[in-house]
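Participant: the following comprises the amino acid sequence and a computationally predicted model.
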Amino acid sequence: MAELHHANESMHSIEMEAKTMEDGPILKKFIRNYLTYREDKYIYISCNEDNQFYDADTVRMQRISKNYYPVWACCQFVEWRLVGDTEFLWSDLQTCQEEVQRSYYLSVTELKATQKHGSIFLSIIRNGVIIDRFKVLGTEEADARYRQHPDEVMVLLRLPLKQ
């Protein structure tokens with residue numbers, strides 16, 4: 001299985017931080033730091049070799065600068081390209097061929113963040129329907145391809161969709 005990145009020694013736990021704060025501030029801080037459009041870093045990617053993004057329980061979404069895709073042992077990615085605060089275009093792309101091949105959904109996908117009992121949850125919504133749900137386990141740092149500072153990585157646990 002392809003490795004997403006080389007993580008630093010430990011993962012920063014959102015839950016541990018949330019236990020020291022009231023419900024509101026930690027959620028606002030998370031949205032501001034990770035789900036708000038920034039001109040310099042507005043793309044999240046995850047390795048999708050062998051469909052691992054869609055099949056894995058734990059997903060790592062690395063926030064990158066522009067189109068500087070990391071050098072991974074991975075050719076297929078899921079890309080979330082922020083187009084506004086908590087809104088993104090979802091693409092599946094392949095980068096190992098001469099030309100990058102991309103397929104994407106035409107409608108904007110929304111990220112809805114909620115907090116319950118000190119944990120942050122993300123609902124992925126397209127056309128008014130929740131298509132995926134995650135619990136945010138924490139954040140990590142990964143080597144950036146063309147920057148001195150590491151990229152941020154959200155570590156997400158996939159949750160079952162409520163029927």
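Facilitator: Structure received. Every value quoted in this text rests on a predicted model; they were computed, and no experiment measured them. Numbering: from 1, shown residues only.
Participant: below-threshold pLDDT in the chain: ranges please.
Facilitator: In the predicted model, the chain carries pLDDT under 70 at residues 1-24, 66-72, 145-147, 163.
Participant: centre-most residue in it?
Facilitator: By C-alpha atoms, centre = their mean, the chain has its centre lying nearest to Met61, at 3.1 Å.
Participant: which residue is the nearest non-sequential neighbour of that residue?
Facilitator: Spatial nearest neighbour of Met61, chain neighbours left out: Tyr44 (4.2 Å); criterion: C-beta to C-beta, 6 or more residues apart in numbering. Glycine gets a C-beta too; all of them are placed from N, C-alpha and C.
Participant: which SSE is the residue nearest to the centre of the chain in?
Facilitator: Element membership for Met61 (DSSP states H and E) is strand 58-64.
Participant: next SSE after that strand?
Facilitator: Next along from strand 58-64, by DSSP H and E: strand 76-84.
Participant: centre of the chain to that following strand, how far?
Facilitator: Relative to the centre of its chain, strand 76-84 is centred 8 Å away, using C-alpha atoms, centre = their mean, to the nearest Å.
Participant: what's the angle between the helix or strand following that strand and strand 76-84?
Facilitator: Next along the chain after strand 76-84, taking DSSP H and E as the criterion, comes strand 87-94. Computed by axes from the mean of the first three to the mean of the last three C-alpha atoms, to 10 degrees, the angle separating strand 87-94 from strand 76-84 equals 160 degrees.
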